[in-house]
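**Q** fold the following.
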Amino acid sequence: MRVLVIGAGALGGYYGACLVRAGRDVSFLVREKRAEQLRRNGLQVVSRHGDFAVQPKLLAVGDLREPFDVVLVGVKAYSLDDAMSQFAPAIGPSTMVLPILNGLKHIDALTTRFGAAHVLGGLANVSAGLDADGRVVHFMANQTIVFGEIEGALSERALALETLLQVPGIDVRASEAIMQDMWEKFVQLSTLAGITCLMRASIGDILAVPNGEQSIFRLFAECCAVATASGFEPRAPFIEFDRKLFTTLDSPLKASMLRDIERGSITEAEHILGDMANRARTLGIETPLLDLARAHVAAYEVGRRRAGG
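**A** Numbers count the residues shown, from 1 in each chain. So this is what the prediction gives:
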């Protein structure tokens, strides 16, 4: 299968580099500034599992002339509209679009643009970012991709894609309940982003202060209530996993949204916190802590835009 990775940031860069290292046929659709950096230095990954670098095949927007078998979309949500226009020429009759963006809103955007038959559900559990030199830094041990047909069941194409993605550095699983998986990730991320952005602190630091743990789990309960009312009640193993995740003393874990704030960058707040809050309002669910976290990051965005003119 020929794979087109959209962008070479933290998500696309990490997973795409692992695929290239394993000999898969992978190309990256990147902007010129990033392309120059990658031509000069290669695509470098710094990881506790071992550092490595690959020389990626790079494409510019105007270079797309024929369809790919798989389009792996890992851009930030606020870049999705532009990205869809850019990779549209890569969509052929049997192309699979695998988004690993955060949240849920992008599924509607992709299916509206390309048709439901092309779009898979997917999620990534990886903690990574780009450093000042453009290297992909893999912060923690997690490196998972979960994906599947939105309507459920394991199709032949999903099983073939699972085989393609089974390479060192990627823990992959084809799911028969991808929307349940995505909702649970949505709950986890909304909790993590909401509380770490609101407190401007890691999970470990929040646990070290009075009412820190209680605040984490109040927000977690609000997000679980929205998922349950939407028909995707979080399952017991997920609840148990997240309780351990959110009670690990001295944990350095923080949301990428907070790292964006710390850099003075744009965030995905409305795609994550805003969407969860809007769904709560539609369902008549009160989410006071989620609303406060959303307002907090929205106020940051107002200030960021003002500072930028």
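
**Q** what bits of the stretch 1-150 of the chain have low per-residue confidence?
**A** Counting by pLDDT under 70, the stretch 1-150 of the chain shows low-confidence ranges at 141.

**Q** rerun that using 80 as the cut-off
**A** Counting by pLDDT under 80, the stretch 1-150 of the chain contains low-confidence ranges at 127-129, 139-142.

**Q** and the helices in it, which stretches?
**A** Secondary structure of the stretch 1-150 of the chain (DSSP state H, counting those that start in this stretch): helices located at 10-21, 32-41, 80-87, 105-114.

**Q** same question for the stretch 151-300 of the chain.
**A** 156-165, 178-199, 203-207, 212-229, 236-245, 256-263, 269, 275-283, 288-307.

**Q** returning to what we had before: just name the most buried of the helices of the stretch 1-150 of the chain.
**A** helix 10-21 (a mean of 25; mean count of other CB atoms under 10 Å). Backbone N, C-alpha and C define where each C-beta goes, glycine included.

**Q** and stretch 228-247, how far from the chain's centre?
**A** 18 Å (CA atoms, centre = their mean, to the nearest Å).

**Q** give me the mean pLDDT for it.
**A** If you average the pLDDT over stretch 228-247, you get 97.

**Q** now the helices of the stretch 151-300 of the chain as CSV including distance to Gly12?
**A** Shown next, in CSV, are those (distance: least, CB to CB, whole Å):
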stretch, distance to Gly12
helix 156-165, 13
helix 178-199, 18
helix 203-207, 26
helix 212-229, 27
helix 236-245, 25
helix 256-263, 14
helix 269, 21
helix 275-283, 22
helix 288-307, 24
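
**Q** redo those helices as JSON lines? Include mean neighbour count and distance to Gly9.
**A** Below are the helices of the stretch 151-300 of the chain laid out as JSON lines (neighbours: other CB atoms under 10 Å; distance: least, CB to CB, whole Å):
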{"stretch": "helix 156-165", "mean neighbour count": "16", "distance to Gly9": "19"}
{"stretch": "helix 178-199", "mean neighbour count": "24", "distance to Gly9": "17"}
{"stretch": "helix 203-207", "mean neighbour count": "19", "distance to Gly9": "24"}
{"stretch": "helix 212-229", "mean neighbour count": "19", "distance to Gly9": "26"}
{"stretch": "helix 236-245", "mean neighbour count": "13", "distance to Gly9": "24"}
{"stretch": "helix 256-263", "mean neighbour count": "18", "distance to Gly9": "10"}
{"stretch": "helix 269", "mean neighbour count": "25", "distance to Gly9": "18"}
{"stretch": "helix 275-283", "mean neighbour count": "18", "distance to Gly9": "21"}
{"stretch": "helix 288-307", "mean neighbour count": "16", "distance to Gly9": "19"}
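
**Q** re the thing from before, need the helices of the stretch 1-150 of the chain in JSON lines (columns: distance to Lys254).
**A** Below are these laid out as JSON lines (distance: least, CB to CB, whole Å):
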{"stretch": "helix 10-21", "distance to Lys254": "14"}
{"stretch": "helix 32-41", "distance to Lys254": "25"}
{"stretch": "helix 80-87", "distance to Lys254": "24"}
{"stretch": "helix 105-114", "distance to Lys254": "23"}
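
**Q** great, nothing more from me.
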